[in-house]
Each structure stands twice: as C-alpha cells, then as structure tokens.
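> quick one: sequence and predicted model below, then my questions.
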Amino acid sequence: MTTTPPPAPPQIPAVQAPPEEPPPAKKFSFPSALTVLAVVTVAIWLLAFLVPAGQYDRNDSGAPVAGTYHRVEGTQSFTDRLNDLFLSPVNGLYGLQDPKTGQVGPTFSGDLYGSAGVFLFVLAIGAFITVVFATGALDRGIARLAHRLRNRGALLIAAVMVVFSILGTVEGFAEETLGFYGLLVPMMLALGYDRMVAVGASILGAGVGVMCSTVNPFATGVASSAADISLGDGIGLRFLMWIVLTTVTVLYVIRYARRVQKDPSKSICGFLPGDREQKATGDEEVEPELTGLHKTVLVLLVLVFAFMIFSVVPWSSALTGKADATPYAWELDWSFAQLAALFICAAVLIGLVARMGEAKLSSTIIQGAADFISPALVIMLARGVTVIMNNSKITDTVLHSIEGVVKGTSSGIFAIIVFLVNLPLAFLIPSTSGHATLTMPILAPLADFAGVSRALMVTAWQSASGWMNLWVPTTAVTIGGVALAKVGYDKYLRFVWPLLGILFVLICGFLALGAAM
C-alpha cells in the first residue's frame, strides 16, 4: 500500500518592504545674529594680523583729525591678541579704556568703553514692556479701537497703523504685532478686504515707525550711544520723516484695501475657503471692555514715554538751532543709566497699580528681562568686535582707507552712500542693535571727515536697517506675520515692492535735505 505524500504547503510570496523614502532635505536656515557676530568676531581677529596698525591725531573732543593718519608699531604679542579674542564678550560689556595707551580691558582704569549702560537699559525696557502687556491694557486698548472702527474700514486701517507706528518709533514695537493677527485678520475680512490688508497694517505700520525711529532705544538709542551723541540729536529730521513716511505707507495700504473691496479679483493673495463668508458675521463680536485699570495703565504708558522723550532731547539746541547752545536749567540731558532706572521704576509702578502682587510682579520683571536678553547679548558681542579693532589699532587704518573716497564728496551724496552701504549689512546682521554697535564706530568719524553731523549718520543707518526689515525673510516679524495670516511670502513681496521703491526715494530725499540743513 502506497501512501501519498501530503501536498506541499502553498508558497507565500515574500512581502517586500516599501522603499525607504529619502530623508527630507534640510532647508537652509539663516543663522541668528549671535552666530553671525561670533563669525564676525573671529574674522576681524584674523584680519587684524594682516591690516597694519595706524592712528589719527585727536582733537580736544577725541574725534580724529582728517589728514593726520600715520602708521604706528603694533605692540601686541600673539598672546595679547589671543587674550583679546577670549575676553571680547567681557570687554564688550564692561571693558575700561586706559587713557594713556587707549587699550581696553576689564582690569584697566579709565572710562567705560563697554556697553554695560545700553545692556542694562535693554533689559529694563524689556521688563517694563512685559509688565505692561501682562496687565492686558495695551492689547485690550488696540482691540477696542479696532472694534469701534470696524464699520469704517479706511479709518480702522489708519488708526491701527498709526498706533503701531507710534509704538515703533518710540519703543521699537515690532515682534509684538504677531499677537494681533488673530484680531486683525477676521476684522479685515469682515470689512470685505483680504488677508494682505491685515499683513500690511501690521508689518508696515510698525515697520515704518521703527524705520523712522525718533527715540527707539533699540535703534536710535544704541546707534547714538555708539556714535557718542545724545539720543535727542537729529530728532527734528527723524520726526518729519516719521510723519511723511507713515502717511505715505498708510495711504498705500488703504488704496490697496479699497481696490480689493471694490473688486475682490484684484486681491494679490486671494481668499481661503470661508474668507468671503466672514463678511456677514464680522459685526456681531462683543466690544472688548476697557476697565479703569486698563485706562490707568495706558495713561502711565504714555506718560513714561513722553517723559523719556523730554529727558533726552537737547532742548536748547533744538529751540535755538545752535549745536553748542548753553543748556537750559530745566534740561535733564539723561543717558542710558538714568533711562534704565526710569523703566525699572515704571515697571514696578505699573505692577503695583495693577495689584500684581510681589510674586507675580517679580516673575514678570524677570521674564521681561529674559525675553530681551538676546538683543542685549548681541550689543555686547558687537561691542566686543570694536574692542578687538581698537586694541590692535586697525580702526583708524580702516577709516584712512575710506577717507580718500569721502573727501570732496558732497554731504548729501555721502549721507545717501551711507544709507546704501548699510542695506546689505542690515541683511547680514538683522539685529538693529548689533548692526548699530558694529558699524557706528566707523561711520561716526567718517561723518566728521565729510562734514556731516553724526546725528545724520544715525538717521541714514536706521533708515537702511528699517527699510530692509520691511521685507527681508530673516526677520521674525515678516516671516511670522505672513505665516500667521496664511499669506505667501512671494505674494507679500509682490504687494510691498512698489511701496519699498517709494520709501527708498523719499529716504534719499530726506537725507539730502538733512545734509543741506
């Protein structure tokens, strides 16, 4: 009897694993200002080995005298130079300049060369602004303004942009606009506009204020300190620029908004699903309540910044038109030390008025200082770069290399050239504070050679920095704003380029006017 072998089990085909997808390519991310300045520090340190040392003769005020440049013998050993690189952040904060040798170091005796005053001032104003925001007064005030004007579109756009611009020119209001997109986008859609109008009102409103900073501590303040002039010097021209350029920017956004409202097909960014339906329901929102506490905090906010402006303006020079006018008895002539104390006291005062309590007030002040430590560190690092240049005695050599170009150039052309030169620098160093601290020690003496006031150099520099920050993708204000509003960056560029051209021409005109005054 034969037995039939059992049938072979069916062959199960091997399951092939799906092919592995290649890892997504890493997108290039522009390095932070701290990283850029760290690279610049090492680059300048290496360059100092190649650039010959030299000096100008100085006048009684310490400014270099044109035509007196001469080579000097470098006295630093390699160990000294290595020590300068190692201590550059420390010297950038509290380095002292020896009056005999001109060298800067933490153990010398002499005037403060580091940026400790500006450093503390940035932390103090950070604490103050954070305490104000913690009360909810500023957010609620802007929200109430937007709600009351919700049926008057052009007036709403103008009001929001002017408020943002005032905050920008006074205290550098920029990143804070990111918190208002949740309010402005639905408000603009309810009025029949598109999302680009909300983007323009936010980015351009605050941006034009920062570009035309009058007493903004993070732009004008840092640059004036680095140029060794008062924060109030040149405020007249900057105020005039602020009025004209803010007006032009507001009208530009309103013109676009009306065009879209009349013909939605003219929208550059288009509409997302549901955007057009918001027009019917936008008026039903409840008006935000402004309590007595909110009103008190807003009044205190205005008074603090008004007093800051009063304390730094050289009133005798401003009213008489003479740079060497004798100060009035009531002029305060405050600098960063007093302003830092002012904002610390103001932060405590607002915290007490808001009844925050000791624990919350202390933690809010600490949090505010922590939030602003990044620009403070940028200022410190940038100042450290200038210490390396000073100790290796190459700053005057750099000045001398440009002196021939400056000689014979009209003051108006020179101011415009300074504006143009700072445009690419503003892209590489998006931090206004770091950009100012790094470039102003070179620009200020150049202004002396060209017969241009240092205050005009500050205005030219901040105009370049502000103009670039209206559109470059290296700033959180621009990239974050278009992302929150769900508007493509390429479409924002299409929207803003005509305005950038108009502002460019106007800035050059104002700089020429300032040089002629």
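Great, that's in hand.
> pull the residues that contact the helix or strand in which Val222 is found.
Element membership for Val222 (DSSP states H and E) is helix 222-226. The list of residues contacting helix 222-226 from outside it, by Cβ atoms under 8 Å, 6 or more residues apart in numbering, reads 115, 117-118, 230-231, 233, 335-336, 379, 383, 432-433, 436-437, 440-441, 444, 455, 458, 461-462. Where C-beta positions appear, they are placed from N, C-alpha and C, glycine not excepted.
> next one: stretch 262-275
By Cβ under 8 Å, 6+ apart, stretch 262-275 touches 189, 192, 194-196, 259-260, 276, 486-488, 491-492, 494-495.
> which parts of that stretch are buried?
The neighbour-count check on stretch 262-275 (16 or more other Cβ atoms under 10 Å) flags Ser267, Ile268, Cys269, Asp275 as buried.
> just the endpoints, please. Distance across that stretch?
16 Å (Cα to Cα, to the nearest Å).
> any idea how far it is from the middle of the chain?
When distances are taken as Cα atoms, centre = their mean, to the nearest Å, stretch 262-275 is centred 32 Å away from the chain's centroid.
> and the average pLDDT for that stretch is what?
On average, the pLDDT along stretch 262-275 is 87.
> quick one: the strands in the protein, in order.
Using DSSP state E, the strands assigned to the chain run over residues 54-55, 70-71, 96-97, 104-105, 111-112.
> which of those strands sits most buried?
Of all the strands of the chain, strand 104-105 has the most neighbours on average by mean count of other Cβ atoms under 10 Å, namely a mean of 24.
> if we can go back for a sec, list just the nearest of the buried residues of stretch 262-275 to Ala450.
Ile268 (41.6 Å; Cβ to Cβ).
> what residue ranges in the stretch 201-350 of the chain score low on pLDDT?
Scanning the stretch 201-350 of the chain for pLDDT under 70 picks out 278-285, 314, 317-324.
> show me the residues around Val131 that make contact.
So Val131 contacts Ala347, Ile350, Gly351, Ala354, Met356, Leu361, Thr364, Ile365, Gly368 (Cβ under 8 Å, 6+ apart).
> measure the closest residue to the last one other than its chain neighbours to Ala124 for me?
Among residues not flanking Gly368 along the chain, Thr130 sits closest, at 2.9 Å (Cβ to Cβ, 6 or more residues apart in numbering). Summarising the geometry, the distance separating Thr130 from Ala124, computed by Cβ to Cβ, to the nearest Å, is 11 Å.
> let me know whether Leu85 touches Val42 as I believe.
Yes. Counting by Cβ atoms under 8 Å, Leu85 does reach Val42; the two are 7.4 Å apart.
> looking at Thr130 and Ala124, which is more packed in?
Using other Cβ atoms under 10 Å, the more surrounded residue of Thr130 and Ala124 is Ala124, with 25 against 19.
> who's in contact with the more buried one?
Leu339, Ala340, Ala341, Leu342, Phe343, Ile344, Ala347, Ala369.
> pLDDT averaged over stretch 500-516, what's the number?
94.
> ok, now stretch 192-199?
Mean predicted confidence for stretch 192-199 is 91.
> what's the answer for stretch 414-431, then?
For stretch 414-431, the per-residue pLDDT averages 81.
> distance from that stretch to the middle of the chain?
Counting by Cα atoms, centre = their mean, stretch 414-431 comes out at 13 Å from the chain centroid.
> which residues does it contact?
So stretch 414-431 is contacted by 30, 33, 36-37, 40, 375, 378, 406, 409, 435, 438-439, 443, 446-447, 450, 452, 456-457, 460-461, 463-465, 467-469, 472, 474-475, 507-508, 511-512, 514-515 (Cβ under 8 Å, 6+ apart).
> likewise stretch 395-405?
Applying Cβ under 8 Å, 6+ apart, the set of residues contacting stretch 395-405 is 51-56, 64, 66, 69, 386, 389, 441-442, 445-446, 449.
> just the buried ones from the contacts of stretch 262-275?
Leu189, Gly192, Asp194, Arg195, Met196, Val260, Val487, Lys491, Tyr492, Phe495.
> now do the residue lying closest to the third one once chain neighbours are set aside against Leu204, distance only.
I take that to be Asp194. Among residues not flanking Asp194 along the chain, Ser267 sits closest, at 4.3 Å (Cβ to Cβ, 6+ apart). As judged by Cβ to Cβ, Ser267 and Leu204 stand 17 Å apart.
> farthest pair within the buried residues of stretch 262-275?
Ile268 and Asp275 (13.8 Å).
> and the contacts of stretch 395-405, which of them are in helices?
Thr386, Met389, Pro441, Ile442, Pro445, Leu446, Phe449 (DSSP state H).
> ok, the fourth one - contacts?
Right, the one you point to is Ile442. Applying Cβ under 8 Å, 6+ apart, we find Ile442 in contact with Thr395, Val398, Leu399.
> which of the residues you listed sits closest to Gln103?
Using Cβ to Cβ, the contacts of Ile442 come closest to Gln103 at Thr395, 12.6 Å.
> show the pLDDT at the closest one.
pLDDT, read off for Thr395, is 83.
> same check, this time on Ala66
Confidence score, pLDDT, at Ala66: 69.
> go on, the one 5 residues further on?
With respect to pLDDT, Arg71 has a value of 91.
> wait, isn't it in contact with Pro52?
Yes. Look at Arg71 against Pro52 with Cβ under 8 Å: they come within range, at 6.0 Å.
> now the common contact residues for Thr130 and Ala124.
Between them, Thr130 and Ala124 share the contacting residues Ala347, judged by Cβ under 8 Å, 6+ apart.
> the residue nearest to Ile235 when sequence neighbours are not counted: neighbour count?
Nearest non-adjacent residue to Ile235, counting by Cβ to Cβ, 6+ apart: Thr214, 5.5 Å away. Per other Cβ under 10 Å, the neighbour tally for Thr214 reads 23.
> next up, the contacts around the closest residue in space to Ser392 that isn't next to it in sequence.
Using Cβ to Cβ, 6+ apart and skipping the chain neighbours, the partner closest in space to Ser392 is Ala48 (3.9 Å). Taking Cβ under 8 Å, 6+ apart as the criterion, Ala48 is in contact with Arg81, Ile388, Met389, Ser392, Ile394.
> make TSV from those and add neighbour count to it.
Output for the contacts of Ala48, formatted as TSV (neighbours: other Cβ atoms under 10 Å):
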residue	neighbour count
Arg81	18
Ile388	24
Met389	21
Ser392	23
Ile394	21
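> between those residues, which sits nearest Val162?
Of the contacts of Ala48, the one sitting nearest to Val162 (Cβ to Cβ) turns out to be Met389, at 41.4 Å.
> now the closest one: closest residue in space that isn't a chain neighbour?
Nearest non-adjacent residue to Met389 (Cβ to Cβ, 6+ apart): Thr395, at 4.5 Å.
> Glu287 now?
Per Cβ to Cβ, 6+ apart, closest to Glu287 is His147, 4.8 Å.
> the one you found and Pro288 touch, don't they?
Yes. Using Cβ under 8 Å, His147 is in contact with Pro288, at 6.2 Å.
> quick check: neighbours shared by the two?
What both His147 and Pro288 touch, as defined by Cβ under 8 Å, 6+ apart, is an empty set.
> can you give me the helices for the stretch 251-400 of the chain?
292-312, 315-320, 336-353, 358-371, 373-391, 395-406 (DSSP state H, counting those that start in this stretch).
> show me what the fourth one is packed against.
Put plainly, it is helix 358-371. helix 116-134, helix 336-353 (3 or more Cβ pairs under 8 Å, 6 or more residues apart in numbering; DSSP states H and E).
> between that helix and helix 336-353, how big is the angle?
If you take axes from the mean of the first three to the mean of the last three Cα atoms, to 10 degrees, helix 358-371 sits at 140 degrees to helix 336-353.
> just the fifth one next, same as before
Relative orientation of helix 373-391 and helix 336-353, computed by the same axes, to 10 degrees: 170 degrees.
> helices or strands next to helix 373-391 in the packing?
The contact analysis (3+ Cβ pairs under 8 Å, 6+ apart) places helix 373-391 against helix 33-47, helix 78-94, strand 104-105, helix 116-134, helix 395-406, helix 432-450.
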